[in-house]
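**Student:** fold the following for me, if possible:
(chains A and B)
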Amino acid sequence: MTDRRPAFCDRIMDHFGDRVSDGGAGIDMHNIEVAPENLKELCRFLLQAPELSFDFLSDLCGVDFLPDNPRFAVVYHLYSTTHQHRLRLKCRFDDPPRLPTVADIWTTANWHEREAFDMYGIVFEGHPNLKRIYMWDEFDGYPMRKDFPVRGYKDEYNPFGKERGEQ
Amino acid sequence: MTNVTVLSETDDKARVTKEVLLNLGPQHPSTHGVLQLVLQLNGEIVERTEPHIGYLHRGTEKLAETFTYTQIFPLTDRLDYVCPPSNNLGFAIAVENLLGIEVPERAQYIRVMMAELSRISGHLLITGALPMDLGAMTALLYAMREREMLMDLMEMITGARMHTSYIRVGGVREDLPEGATERIREFCQILPKRLKDYERLIASNRVFLNRTRDIGVIEPKDAIDLGLSGPNLRASGVDWDIRRDCPYEVYDRLDFDVITDTACDCYARWICRIHEMRESVRIIEQCLDQLPEGDFQVDMPTIAFPVDKELLKTSMETHIHHFELSAYGFKVPKGEVYAAIEAPKGELGYYVISDGSEKPFRLRVRAPSFVNLQALEGKVSNMKYLADVIAMLGSLDPVIAEVDK
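**Tutor:** Here you go, the predicted model:
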């Protein structure tokens, strides 16, 4: 566990000032939080600044914090293949869930964002091909949301599902 | 893709071929499971490839939110079912990091050994499956012979051939049985000879070379951008291995080489895996040499069953913990962690958010196959013909169960 803030985080703080907030050192890596309007600029900076060069987007996933406010979050796990450091980037936002895409910065985000859209209904603006990836196109609802029942809703194919409107 | 005219016959007068949409899969033998590829074809030339996934989606992440931490292990088994111990290991490390516990040394060595055995198991499958996709059935049958030895080993050590659930939070489920180390050593002596046979049989086969050399080239920069990991990334010349660069368990005490190749093509991805198996054998042999005596599980009655089973009869405290652990599971402190390991397919990451209860608030699986499969859509040069798509798909080595989660 590292209590000290790594040097590359100071670089981000110097550049963005109070537009990003320091999420503190986690068990595994340092956290940074950013508002949706600054996300794109920050991601470009993380990739392009030579002392950061986060060129590998390990993971991108949605989280639903119902009933917390703001409800949703998208978490980015970044890695730099040149400097071998990791960073966790979090972006919290509320309903309606909309966020700029990062698929034009890291190609790998394409499918991850489609998955987050499929599972949480998060709309990534500017995404080249935003459609469901796991569920079929006609599927109603976003299964990973906390208010979606584990067994799904009752219909002709799913007799054991929950009735709609039932608590 | 829907606005392309689909024609089943060519216009005889004009003698021109029209673009055709072809469904490859979801139940085609060379799609490695239920994967559907929609190909836009111009004659035999592939204009566009679009993977359609999700036929095997089981909602692992959603289910995990309703399971206790121990109950999740069988779910992880079913991600990359070719090599379950690796999947178990990644999840165990994530939870252990949250709990802040250190696993006994012997358990760490056993875990590394199991992970490497499963790596060999996974790589053996593609050793035979890629040539089979390209029409050479022989190789698969030979590779299955060695996998059978591994399966027997797994059965001996864990009691199950496929879904082992052997690695647990705090160690492993049980100690190595009597005679296991000798059997593993025997396997380590046999495998390198067999690998030599494969190379003689396939690596210089002209048909195989023609079908894979310079086909499906992914440049290093594109490979990183696509998020490829594991052997697929290293075959593109990027020297990155989590085992060496961010060591977990006892990998920092073991001596092994990271295999890279600069050819970036299908053949490079295949041959990298052959060489990686040799390194795995080296790692296993070192583990066997260094394997210390001691506990196979952490001595914490609130997290793992007591090592000394006799205590259950005499100590009330142990008895209570045993009951609570079986009935409710253990609580994990509030927090979040991302743990990545080098699974056979690449970077396998588990992102766990805990709200302090005995079930995870959110479990995210960063499945390497899911990301690797994206390369079919991406910037790949020299993937011109339909036959090349098959070679490309085979060399990426996706396991659809892991892609679909």
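
**Student:** quick one: the strands in chain B?
**Tutor:** Assigned by DSSP state E, chain B shows strands spanning B:19-24, B:36-42, B:45-52, B:167-168, B:171-172, B:335-343, B:346-354, B:360-366.

**Student:** columns distance to chain A and mean neighbour count on top of these, output as JSON lines?
**Tutor:** To be clear about C-beta, it is placed using only N, CA and C from the backbone, and glycine gets the same treatment. Output for the strands of chain B, formatted as JSON lines (distance: least, C-beta to the nearest C-beta, whole Å; neighbours: other C-beta atoms under 10 Å in any protein chain shown):
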{"stretch": "strand B:19-24", "distance to chain A": "16", "mean neighbour count": "15"}
{"stretch": "strand B:36-42", "distance to chain A": "12", "mean neighbour count": "17"}
{"stretch": "strand B:45-52", "distance to chain A": "9", "mean neighbour count": "16"}
{"stretch": "strand B:167-168", "distance to chain A": "19", "mean neighbour count": "26"}
{"stretch": "strand B:171-172", "distance to chain A": "20", "mean neighbour count": "26"}
{"stretch": "strand B:335-343", "distance to chain A": "5", "mean neighbour count": "24"}
{"stretch": "strand B:346-354", "distance to chain A": "5", "mean neighbour count": "25"}
{"stretch": "strand B:360-366", "distance to chain A": "4", "mean neighbour count": "24"}
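
**Student:** now those strands in a markdown table, with mean pLDDT?
**Tutor:** Below are these laid out as a markdown table (pLDDT from 0 to 100):
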| stretch | mean pLDDT |
| --- | --- |
| strand B:19-24 | 82 |
| strand B:36-42 | 85 |
| strand B:45-52 | 85 |
| strand B:167-168 | 91 |
| strand B:171-172 | 90 |
| strand B:335-343 | 92 |
| strand B:346-354 | 92 |
| strand B:360-366 | 93 |
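
**Student:** go through the ones you listed and name the closest to A:Leu130.
**Tutor:** strand B:45-52 (14.3 Å; C-beta to C-beta).

**Student:** now do that closest one against strand B:19-24, angle only.
**Tutor:** Comparing the axes of strand B:45-52 and strand B:19-24 via axes from the mean of the first three to the mean of the last three C-alpha atoms, to 10 degrees yields an angle of 50 degrees.

**Student:** any low-confidence regions in the chain?
**Tutor:** Answering for chain A, as no chain was given. A:1-4, A:166-167 (pLDDT under 70).

**Student:** other chain: chain B
**Tutor:** Along chain B, segments meeting pLDDT under 70 span B:1-18, B:28-31, B:378-380.

**Student:** leaving out sequence neighbours, find the closest residue to A:Glu125.
**Tutor:** A:Pro100 (5.3 Å; C-beta to C-beta, 6 or more residues apart in numbering or on different chains).

**Student:** what is the burial count for the residue in the stretch 151-300 of chain B that chain A sits nearest to?
**Tutor:** Residue nearest to chain A within the stretch 151-300 of chain B (C-beta to the nearest C-beta): B:Gly227, separated by 2.9 Å. Counted by other C-beta atoms under 10 Å in any protein chain shown, the residues lying close to B:Gly227 total 31.

**Student:** got it, and B:Ala268?
**Tutor:** B:Ala268: 26 neighbours (other C-beta under 10 Å).

**Student:** flag every residue of chain A that's near chain B.
**Tutor:** Residues of chain A lying close to chain B by C-beta under 8 Å from any C-beta of the partner chain are A:26-29, A:55-59, A:61, A:63-64, A:75, A:77, A:81, A:84, A:86, A:88, A:106-108, A:110-112, A:119, A:132-136, A:143-144, A:148, A:150.

**Student:** ok, now with 6 Å
**Tutor:** Within reach of chain B by C-beta under 6 Å from any C-beta of the partner chain, chain A has these residues: A:27-28, A:55-59, A:61, A:63, A:77, A:81, A:84, A:107-108, A:111, A:134, A:143-144, A:150.

**Student:** what about the helices in chain A?
**Tutor:** Along chain A, counting by DSSP state H, helices occupy A:7-16, A:36-48, A:109-120.
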